[in-house]
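> Predicted model, plus sequence, below.
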Amino acid sequence: MDISVVTTQPFPDQKPGTSGLRKRVRQFRQPHYLENYIQSVFDACPDLKNGELLVGGDGRFHNREAIQVILRMAAANGVQKVAIGYGGLLSTPAASYLIRSRGATGALILSASHNPGGPEGDFGIKLNTANGGPAPHSVTDAIFEQSTRISHYRIANGAEHVDIDHLHAVQMGDMDIEVVDPVGTYADYMATLFDFDRIGELLRSDHFRMRFDSMHAVTGPYAEEILINRLGAPADTILRAEPLADFGGRHPDPNLSHARELSEALFGRDAPDFGAASDGDGDRNMILGRRFFVTPSDSLAIMAANAHHIPAFADGLKGVARSMPTSQAVDVVAEKLALPCFETPTGWKFFGNLLDDGRIRLCGEESFGTSSDHVREKDGLWAVLFWLNLLAVRRQSVEEIVRDHWRQYGRHYYTRHDYEAVESERAEQVMARIREQLSVLPGQSLAGMRVAQADDFAYRDPVDNSLTEHQGLRVLFESGARIVFRLSGTGTEGATLRLYIEQHETHPEHLDADPQELLGPLIDAASRLGDIPGLTRREKPDVIT
Ligand code: G6P
Ligand code: ZN
């Protein structure tokens, strides 16, 4: 095998964010850009070479080309073996499972998650390590550090394009390459966690209809295998099943506006009983009932309260965790069940130690992510199967289950307001303005409620004792209500300011209000506190969820 050692210069912007390096496709296609980053990964993580490395992505534009480059670089860097998802496709949760089940050294997942694809869209690379989870900060920092002083990269010359569309094994130099079927393996695994007999009965019955929106992204083949082939759901259950390089020109983001057909169906006449969607790389989930939206925070709390109905949790939950901006609905359940409940910074990687150490079995985030100790990623289809299993056992509608939950635990009214692509400096000014007030806020009254505590959230990992600071500004009220300000770690342009607002209501007559109305006073108070309109020059948020 002929290897080139190519001279290169560092790019200053290869710092991985909340989930990997995420940039515009045109940035990734600059000469040497992808190569520099991959070489930095191999240099910072030499252990990846000593075994099998998984590679695959969500099928977005540039996926197939990038895989060929990675193969040639892996061979030139002495990687023992690369396993590729059939067709170059590998969902994030399946990658996590395959790392664990095959004992791989890690995975390179080519995805920008829910961001749009196509030549004008985004591309991304995530690294997962040997436990199956996203690389921790220490690793991503080391990769970035390496990227700032890179001078050469290694790549195999003249190697032929590897056929990634057939299950087979080949060699490139000394490196083994195997094209594997992640779909069947993942489906087999799901069958061990849930009651497929009961779910199948429900899906085949005349009284139940479901729609799942794959958003022309990676979950299409998985949903077809699980829902149609194994569980016997009718073929029209899945919308937009075929993975496309541009996701059909839309954002593969499971929310009510991007999953338009799904929300029209579920909120229209003759609506199906259950609706769900996942994102580009298959780790997020949105859950809908007939004319009913389940917030991700509520979904997590309901899962915790109902886990005993699910075969995988027959032995109990041990503990639960949520990211800081996620509502405290799950905390209330944990308290009742006498379970430890952890509050981590945003980003799935922070759950990794808690899961590995056996302290928790279930965790989730407001950003449409839920999962358990079955993998080390959030898992969209797993969440859908959890809900299906629950519906099959409880024989109630989604809405009835949620309303029952509110009656028992109270309702955590919740909203997130996003100000997108704000000039970074202006977004920083908002944060600085709030930070200045943190020390004087306790004891003050805002929106008719007394502030109990105000701080800059920091997390001390109970397993490895590491400290992660500046993870969002919190204003906590005596009533349990909260305002949280945070800058997104996943944007590709400017800064995205997120405002999270929450208030707990337990009175049986206060369970049916409009969240925007009920939370109105807190929203106004938050906006004034940060002088958001003045500093961002935005009259209103771009997205409200
Ligand atoms: C990704 C991560 C999640 C995280 C989310 C936050 O999806 O996988 O764990 O919650 O980003 O995004 P943000 O834009 O709020 O930083
Ligand atoms: Zn995702």
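That came through, no problem. Ligands and ions are numbered 1, 2, ... in the order given.

> Return the residues in contact with T237.
Applying C-beta atoms under 8 Å, 6 or more residues apart in numbering to T237 gives the contacts L203, R209, M210, R211, F212, L227, I228. Any C-beta I mention is one placed from the backbone N, CA and C, and that applies to glycine too.

> Close to ligand 1: what parts of this structure are there?
Counting by C-beta under 6 Å from any ligand atom, the chain comes close to ligand 1 at 18-19, 113, 323, 346-348, 365, 367, 369, 488-490, 498.

> now the residues you listed: which count as buried?
When neighbours are counted using 16 or more other C-beta atoms under 10 Å, the residues of the chain next to ligand 1 contain these buried positions: 18-19, 113, 323, 346-348, 365, 367, 369, 488, 490, 498.

> need the contact list for the residue of the stretch 51-200 of the chain found nearest ligand 1.
Nearest to ligand 1 in the stretch 51-200 of the chain, going by C-beta to the nearest ligand atom, is S113, at a distance of 5.5 Å. Residues touching S113, when contacts are defined by C-beta under 8 Å, 6+ apart, comprise S19, R22, D58, T92, G124, D279, G280, D281, D283, R284, T490.

> Does P541 fall in a helix, a strand, or a coil region?
At P541, secondary structure determined by DSSP: H, G, I helix; E, B strand; the rest coil is coil.

> Among the buried ones among the residues of the chain next to ligand 1, name the ones in strands.
The strands, defined by DSSP state E, take in S323, E365, G369, R498 from those.

> Out of those residues, which comes closest to ligand 2?
The shortest gap between ligand 2 and any of these belongs to G369, at 7.8 Å (C-beta to the ion).

> Helices of the stretch 1-150 of the chain, residue ranges please.
In the stretch 1-150 of the chain, the segments counted as helices under DSSP state H, counting those that start in this stretch are 25-28, 33-44, 63-76, 92-102, 137-147.

> which one of those is the most hemmed in?
Neighbour counts averaged per stretch over the helices of the stretch 1-150 of the chain are highest for helix 92-102, at a mean of 25; criterion: mean count of other C-beta atoms under 10 Å.

> now it, how far from the centre of its chain.
Using C-alpha atoms, centre = their mean, to the nearest Å, the distance from the centre of helix 92-102 to the centre of the chain it belongs to is 15 Å.

> Give me the contacts around that helix.
The contact list for helix 92-102, computed with C-beta under 8 Å, 6+ apart, reads 52, 54, 56, 58, 83, 85, 90, 104, 106-107, 109, 111, 113, 126, 128, 130-133, 180, 182-183, 185-186, 189, 222, 281-283, 371, 374-382.

> Do stretch 53-65 and ligand 2 come into contact?
No - contact check for stretch 53-65 against ligand 2, using C-beta under 5 Å from the ion: none in range, with a minimum separation of 7.9 Å.

> CA atoms only: put that stretch into CSV for me.
Extracted in CSV, the C-alpha atoms of stretch 53-65 (Å, rounded to 0.1, in the frame of the first residue of the first chain):
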residue,chain,number,x,y,z
LEU,A,53,-13.3,1.1,14.6
LEU,A,54,-16.9,1.6,13.5
VAL,A,55,-17.7,4.1,10.8
GLY,A,56,-21.1,5.2,9.4
GLY,A,57,-23.4,8.1,9.3
ASP,A,58,-27.0,9.4,8.9
GLY,A,59,-26.8,9.3,5.1
ARG,A,60,-26.5,13.1,4.6
PHE,A,61,-24.7,14.7,1.7
HIS,A,62,-20.9,14.1,1.8
ASN,A,63,-21.4,10.9,3.9
ARG,A,64,-20.3,8.5,1.3
GLU,A,65,-17.3,10.5,0.2
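
> centre of the chain versus that stretch, how much separation?
Computed by C-alpha atoms, centre = their mean, the separation of stretch 53-65 from the middle of its chain amounts to 18 Å.

> Please point out which parts of it sit buried.
Neighbour-count burial for stretch 53-65 [16+ other C-beta under 10 Å]: L53, L54, V55, G56, G57, D58, G59, R60, F61, H62, N63, R64.

> before we move on, the earlier item: from the contacts of helix 92-102, which ones fall inside strands?
The strands in this structure, assigned by DSSP E, contain E52, L54, G56, A83, G85, G106, A107, I109, K126, N128, V180, S371 from the contacts of helix 92-102.

> What's opposite the third one in the beta bridge?
Right, G56. Under DSSP bridges, the beta-bridge partners of G56 are I109.

> gap between it and V5?
Applying C-beta to C-beta, to the nearest Å, the value for G56 to V5 is 27 Å.

> The nearest residue in space to L239 that is not next to it in sequence: neighbouring residues, count only.
Counting by C-beta to C-beta, 6 or more residues apart in numbering, L239 lies nearest to D213, which is 4.6 Å off, once chain neighbours are set aside. Other residues near D213 come to 29 when the count uses other C-beta atoms under 10 Å.

> quick one: the residue of the stretch 51-200 of the chain at minimum distance from ligand 2 and V384, what's the gap?
Taking C-beta to the ion, ligand 2 has its nearest neighbour within the stretch 51-200 of the chain at S113, 3.2 Å off. In this structure, S113 and V384 are separated by 17 Å, where distance is defined by C-beta to C-beta.

> before we move on, what about L227?
As it turns out, when the distance is counted by C-beta to C-beta, L227 lies 8 Å from V384.
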